[in-house]
Structures are given as C-alpha cells and as structure tokens.
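Trainee: Fold the following.
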Amino acid sequence: MSEVPVLVTLNFPEPLVERLRALSPRLQLKVHPARNAQDLPADLLPDVEILYTLQALPDPASVPNLRWVQFHFSGVDAIADHPLLHTDVLVTSMSGASAPQLAEYALMGLLALGRRLPRMAADKAARRWAEDRFERFRPVELRGATVGIVGYGSVGREVARLCRAFGAQVLATKRDLRHLSDDGYRLKDMGDPQAELAERLYPPQALASMARLCDFLVIAAPLTPETRGLIDRRVFEALKPSAYLVDLSRGGLVDHAALVEALTEKKLAGAVLDVFPVEPLPEGSPLWEMPNVLISPHIAGASGDYFERAAELFAENLRRYLSDQPLLNLYDPQRGY
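Mentor: Below is the predicted model of the structure:
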C-alpha cells in the first residue's frame, strides 16, 4: 500500500499527533506550523496528499499531488475565493466540532437577555438598588418562549436541543427542506439528527414570517452570497419590539445599520453579538454605548477541548479517506459551505 504524506500546519499537542499517526502505517504525518502561505514548507509541498490547515493555502501549482484539504474551523467564507477551492481537491470543514460551545454561548445570550443581565450590570456599576426592581428585572423566561433559529446546521440543532430542555418552542429556517437529516460530523447525544425538535421549519424566503412569532432570534447560518445581509430591516420590522437577537454566526449576515436603527428606535429589545462586519468592532460604533447590548470579541467558538474534538473529526475523515469512504463535512463551492 502506498504512503500518504500528510502536512498539519497547526501546533497540535503531541499526544493528539501520535494518535493520528497511529491510525495507519501508511500515514506519513508531519507537523509544520504555518499562519499563511509564505510559512508553508516549500520542500514538502510537492509530495503532500493531505493538508490540514487554518487558512494557509498554497498555490495549486505547488501541490500537484494534493487530494484533500481539511480546515481547522467550520467557516470557509474568508478564503472561498482561493483558487485551490475551485479545483478537484476535496475540501472539508470542521463543522460540528464547535457546536457544543457555540450552542452554550447562544443559551448564555438567551438567558442573559431574558434575565435583564445588562440592566443588572449597569445597576451594579452605579451602586443602585432599584426600588422598582420587580418591574425593572421582570424576566422573559425561556419556558414557554419561542426561539427562532436562522440556520439549522450542527450549531442550530444543538441550540434547539438545549432550548427544548428549557421548555421553549423552537422554530428554524433551513436552506434545503427536502433533506432534513444531519449527515455531517456530530458529537454523541448532541443536536437534532433527524430535525425532530423544531416545531416548524421554514425556507429562508419565509424568514420574516418566522421572525414575527419569535421572542428570541438566534443567528447560526454560514456566511454565503445568499446569506450576506440576510437579517435586514425587513426582518427587524417583523420582530416584536420585545424580541431579542443573538448573533454567533459570521459577520455580514446581520445588516448592522438596520440593527443599530432597530435598537435605537426600540424596535428590538436587545442583542448579544459575537461577530461583526468589521473586526475588531470599531471604537466609534454606537453598539459599544447601547445599554441593552452585550458584546464579545468573536470568541463564542472558543473551547479548551477544541483541539481534541478537531483531532477526533480529522481522525474519522482520515479513516474514511484511507478506506475510500465519503468524507464528512465536504465543502460545496456552489452552496458556499
């Protein structure tokens, strides 16, 4: 059996590297950290068959034997125009590996907004004990609330599972309603593999109709030409003035001019935002000063267990590759994810 040269461009912990090497004697795995294309080892590239990378991509001409690229994260939008992604090389994402922490972030946002955490933080800073505290902090409970999820992939399905455990009703939009099962990578006992937890699934074109029914709207769709600017003024006008937004997708899905307008004009009660069209969020953004907005610096997907989960997914795909089985999380350039 022929050897399979594998180049890993992230500094994986050594025990995980050894675990990957132990999968098969055919794997000739080398680790060479590289942040960009210039950091890639030119002497190794001509032989590489499998490349594991964050976003350091070589010119197609320099990797004549490359057959497969495994990305370290799920979002491929930042390098979707790279010529390597428009060749016959197989491309897979890390979709599903970050679903637990992203879904927990969403739940944190829902609870923080529903329980008036921004007001509590403001009162603490002002050393204020509100006399009208029962009115000021009257919660929107998740139990009995309607949570709309934009994008019913691995993250959206895990958000649905957690919300249902709290007694919320779940609605969701899904790009292709003809194929409901989740065929990508999924951690054990997580998500909604057969799309059974959502009370109703909507096509993207009916997003505004779904938004009218929601107490919370969670954005968990990938950034593609179809989804850029998807959450626009039309959606904000459809939402209840008492509704809240949680965005943990990619910067660009939410029209921030429309978001600021909706928050300023009290057409939206508040938001938790982890992603932005421009990052870092500019100091002059009015979002910094809004008392009903919580901001985090694009860290919703962070986890101390991420390398472990990433190695598990990569190992599964390596096994599939060596046995000529379909890979998980294949990137489709036509869809954009």
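
Trainee: contacts and neighbour counts: CA atoms only from here.
Mentor: Fine.

Trainee: list the contacts for the most centrally placed residue in the chain?
Mentor: Central residue of the chain (CA atoms, centre = their mean): Ser249, 4.9 Å from the mean position. Residues in contact with Ser249 (CA atoms under 8 Å, 6 or more residues apart in numbering) are Ile219, Ala220, Ala221, Pro222, Leu223, Asp274, Val275.

Trainee: what about the spatially closest residue to it that is not a sequence neighbour, how many neighbours?
Mentor: Nearest in space to Ser249, with sequence neighbours left out and distances taken as CA to CA, 6 or more residues apart in numbering, is Ala220 at 4.7 Å. Using other CA atoms under 10 Å, the number of residues around Ala220 comes to 26.

Trainee: Quick check: Ala220 vs Val69, distance?
Mentor: 24 Å (CA to CA, to the nearest Å).

Trainee: How about Val150?
Mentor: 28 Å.

Trainee: For those two, indicate the residue with more neighbours.
Mentor: A direct count of neighbours by other CA under 10 Å for Val150 and Val69 places Val150 higher, at 28 against 23.

Trainee: Test my guess that that one contacts Arg157.
Mentor: No - when contacts are counted by CA atoms under 8 Å, Val150 is not listed as touching Arg157 (10.4 Å).

Trainee: residue contacts, the residue nearest to Ser249?
Mentor: By CA under 8 Å, 6+ apart, Ala220 lies in contact with Ile149, Val150, Gly151, Tyr152, Gly153, Val155, Gly156, Asp247, Leu248, Ser249.

Trainee: Just the ones of those residues in helices?
Mentor: Val155, Gly156 (DSSP state H).

Trainee: and the residue nearest to Val275 when sequence neighbours are not counted, what does it touch?
Mentor: Closest residue in space to Val275, ignoring its immediate chain neighbours: Gly251 at 4.8 Å, by CA to CA, 6+ apart. Contacts for Gly251 were tallied using CA under 8 Å, 6+ apart; they are Leu223, Val275, Phe276, Pro277, Val278.

Trainee: What about the nearest residue to Leu294 once chain neighbours are set aside, how many residues nearby?
Mentor: Closest residue in space to Leu294, ignoring its immediate chain neighbours: Val272 at 4.7 Å, by CA to CA, 6+ apart. Neighbours of Val272 under the rule other CA under 10 Å: 23.

Trainee: so what's the backbone phi/psi at Val272?
Mentor: Backbone geometry at Val272, expressed as degrees, to the nearest 10, gives phi -120, psi 120.

Trainee: give the contact list for it.
Mentor: Gly109, Leu113, Leu245, Val246, Asp247, Val293, Leu294, Ile295, Ser296.

Trainee: Between the contacts of Ser249, which sits nearest Glu18?
Mentor: Pro222 (32.5 Å; CA to CA).

Trainee: distance of that closest one from Thr87?
Mentor: Distance from Pro222 to Thr87, by CA to CA: 22 Å.

Trainee: Looking at those two, which is more packed in?
Mentor: Pro222 (24 against 11).

Trainee: could you list every residue that touches that one?
Mentor: Applying CA under 8 Å, 6+ apart, we find Pro222 in contact with Gly75, Gly151, Ser249, Arg250, Tyr337.

Trainee: so is Ser242 in a helix, a strand, or just coil?
Mentor: Secondary structure state of Ser242, per DSSP: H, G, I helix; E, B strand; the rest coil, is coil.

Trainee: Can you tell me, leaving aside adjacent residues, what's nearest to it?
Mentor: Ala269 (5.0 Å).

Trainee: pretty sure that neighbour is touching Asn292, no?
Mentor: Yes - the criterion here is CA under 8 Å, and Ala269 meets it with Asn292 at 7.1 Å.

Trainee: quick check: domain ranges of the protein?
Mentor: Domain ranges of the chain: 4-97+304-322, 99-295, per automatic domain parsing.
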